[in-house]
Structure formats: structure tokens, C-alpha cells
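1. Starting from these lines, generate the structure:
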Amino acid sequence: MKLAILDRDGVINEDSDAFIKSPEEWQAIPGSLDAIARLSRAGWRVVVATNQSGLARGLFSMDTLNAIHARMRRELADAGGFVDAIFICPHGPDDGCRCRKPAPGLFEDIASRYDTSLQGVPAVGDSLRDLQAATALGCTPWLVRTGKGPRTLQAGGLPAGTRVCDSLSAVVDELLAGD
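-> Numbers count the residues shown, from 1 in each chain. Just a heads-up that it's a prediction; the model follows:
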């Protein structure tokens, strides 16, 4: 099984320091939906692993988050793509949970759901915590220069073996070239 794990905000859609709080605020990064569609057509399973502390902060409800994801799925379907599953951490930064990245809980859940090792599975993120959570289970970390990516790259300290690309589309170009 070919599997790719993507962060949401800053990788698939435009990020906001004020959070994405409604379907109307969710805007795809140019080329991201087509990139996912190309993976889908090539037989890859694409899953999303995303921290959504806006839930714990009371900025939006689970119904609203579901509506945001429904918009993402609709727009992705219009582009010819599909996301197999969305794994979320609903907790705040001080809740001490195991699922909030950089903790590896979301990735453990993905490995369990698909009954597979994540060794070498590409995991794409725009922040250090995305990459740290991914590498804890042996994923190959990919940093994109969208969202918080430029700040993350400038700060340094990336996990060993991190690949850097301008966008999700560029990551998918490389993944499909290696197929």
C-alpha cells in the first residue's frame, strides 16, 4: 500500500494565525488539490493528520470542523482526488494529550487503522512539530515552503533526512517520479 500523510493548514490550505474557523475561511493553496488528485489517481492512499486546537479553545465546534472538511473533500473531489481519512487532535497545547503533534499519537492511530508500519511513509508538513511527530514512527519527513514552512526552515533543527520542497505539488512530483 502506498500511503502519504499530510498536515492540513499550511500544506493543503492557506494557514491563519487566527485559525480557520469556518468553511468560508478554508482556501486551498494553489495546486494542492490537484497534487492530492494526482496521488489518488496513482493509487496512493492519502490521509490528513491535523492539530485542531481551535476546538479546545472554543473557536469552532466539531460540526463546524466537519463542515470545513466537507468543503475540502468536495473541492478535492471536483479536482478528481480523494482523502481516505482525516485524523485530528482536538486538544489545546496545554492539555498533555498524546495526539497533539509533536507527540506521535495521530501517527500511531494511522499505523493502527491501516495495520501497517509507517517506516518510510512520506509525511508532509509545514512546521517542526509535524516533522517530529512523523519521524517518531519512521516516516520520511517532507517540509513545504508554504504556510509556516519558511519560518520552520529558517529556524533550523529539522529532523535528519528531511526533504524540502516549495509546495505539496512539488512533493507529489518527486513522489510520483520515484514510483
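2. quick one: low-confidence parts of this protein?
-> Regions of the chain meeting the criterion pLDDT under 70 are absent.
3. can you point me to the longest helix in it?
-> If each helix of the chain is counted by residues according to DSSP state H, the longest one is helix 62-78.
4. List the buried residues in that one.
-> 64, 65, 67, 68, 69, 71, 72, 75, 76 (16 or more other C-beta atoms under 10 Å). Every residue, glycine included, has its C-beta placed from N, CA and C.
5. And stretch 159-170, by the same measure?
-> 162, 163, 165, 167, 168, 169, 170.
6. Pick the one among the residues you listed closest to residue 87.
-> residue 168 (17.5 Å; C-beta to C-beta).
7. for that closest one, what are its contacts?
-> Contacts of residue 168 were listed using C-beta atoms under 8 Å, 6 or more residues apart in numbering, and they are 6, 11, 12, 29, 31, 32, 35, 36, 124, 144, 146.
8. Next, check the residues you listed against the strands and list the overlap.
-> Mapping the contacts of residue 168 onto strands (DSSP state E) picks out 6, 124, 144.
9. Tell me where this protein has strands.
-> Using DSSP E, strands in the chain cover 3-6, 45-51, 85-89, 122-125, 140-144, 163-165.
10. Who are the packing partners of the fourth one?
-> Strand 122-125 makes packing contacts with strand 3-6, helix 128-136, strand 140-144, helix 168-177 when contacts are defined by 3 or more C-beta pairs under 8 Å, 6 or more residues apart in numbering; DSSP states H and E.
11. In CSV: these, plus distance to residue 83.
-> Below are the helices and strands packed on strand 122-125 laid out as CSV (distance: least, C-beta to C-beta, whole Å):
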stretch, distance to residue 83
strand 3-6, 8
helix 128-136, 16
strand 140-144, 17
helix 168-177, 13
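12. What count of nearby residues applies to residue 40?
-> 20 (other C-beta atoms under 10 Å).
13. picking up where we left off before, between the helices and strands packed on strand 122-125, which one is closest to residue 55.
-> That would be helix 128-136 among the helices and strands packed on strand 122-125, by C-beta to C-beta, at 17.2 Å.
14. Any chance you could list what contacts that closest one?
-> 5, 7, 49, 51, 101-104, 106-107, 118, 123-125, 140-141, 143, 152, 155, 157-162.
15. Give me the buried subset of those.
-> Looks like those have 5, 7, 49, 51, 101, 103-104, 106-107, 118, 123-125, 140-141, 143, 152, 158, 162 buried, using 16+ other C-beta under 10 Å.
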